[in-house]
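**Student:** just a sequence and a predicted model for now, questions to come.
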Protein chains: 2
Amino acid sequence: MIVKLAQDVPASPVDANGAQGVHIRLLIHRADGAPNFYMRQFTIAPGGCTPRHSHAWEHEVYVLRGQGAAVSADGETPLSPGRCVFVPGGEEHQFRNTGEGEMEFLCLVPKDSR
Amino acid sequence: MIVKLAQDVPASPVDANGAQGVHIRLLIHRADGAPNFYMRQFTIAPGGCTPRHSHAWEHEVYVLRGQGAAVSADGETPLSPGRCVFVPGGEEHQFRNTGEGEMEFLCLVPKDSR
């Protein structure tokens, strides 16, 4: 059993094309021995966003802190703590911080994602 | 894309042998089309606990609210919001609420779990 405090896990800037003010923490990942899926925590600065993109694998998201929006081809859905989001593989998506403080969420992906 | 408020998802009592004061919400599950792993939210009443058991699949846990402990064969580790826990498949484990209010955590499992 591995127990960590999320804020003790180093945060790395996300350099992907289109990412603005985004950091990622690999909370439970390959290095921990996770065999099937990985738990990452994202922090987005005010005004920031993740890339608007799509890929073959799904996301399972839970919002921890802040105010934001989930963007899809159909428009924007507001996000706040306690909201969860399922993004099926192949669907265009983006997460935006629309608040005045940081926005933080968990985003889990299957092991086959890159 | 599916967006839900976790507290709007119905909570069901967990009847497993050894569970005390435990409710589960299936936040992102088979019915949502999740293909590889499932996000569940557990609420444990003060003094309650999940079964002490082991099984072949892993858990990826993130504590949202309250005070508790993760129990393994090696003893107890305190839990509080922001702690995450990786329980490898085959390892004995239990989650206990040691606080005065409810304890709440996410617990994700691979699709092959029962």
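**Tutor:** That came through fine. Bear in mind that the values here come from a model prediction, so they are computed numbers and not experimental data.
**Student:** now do the spatially closest residue to A:Ser113 that is not a sequence neighbour, the pLDDT please.
**Tutor:** Take A:Ser113 and drop its neighbours on the chain: the residue closest to it by Cβ to Cβ, 6 or more residues apart in numbering or on different chains is A:Trp57, 4.2 Å away. Any C-beta I mention is one placed from the backbone N, CA and C, and that applies to glycine too. At A:Trp57, the model reports a pLDDT of 97.
**Student:** got the contact list for A:Trp57?
**Tutor:** A:Trp57 sits next to A:Gly89, A:Val109, A:Pro110, A:Asp112, A:Ser113 when contact means Cβ atoms under 8 Å, 6 or more residues apart in numbering or on different chains.
**Student:** okay if I get those residues as a markdown table plus distance to A:Gly21 and secondary structure?
**Tutor:** Below are these laid out as a markdown table (distance: Cβ to Cβ, whole Å; DSSP: H, G, I helix; E, B strand; the rest coil):
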| residue | distance to A:Gly21 | secondary structure |
| --- | --- | --- |
| A:Gly89 | 26 | coil |
| A:Val109 | 21 | strand |
| A:Pro110 | 26 | strand |
| A:Asp112 | 28 | coil |
| A:Ser113 | 22 | coil |
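**Student:** follow-up on the earlier one: so the residue nearest to A:Ser113 is in which element?
**Tutor:** Taking DSSP states H and E as the criterion, no element holds A:Trp57; it sits outside all helices and strands.
**Student:** quick one: A:Lys111 from B:Gly89, how far?
**Tutor:** Distance check for A:Lys111 against B:Gly89: by Cβ to Cβ, to the nearest Å, it reads 14 Å.
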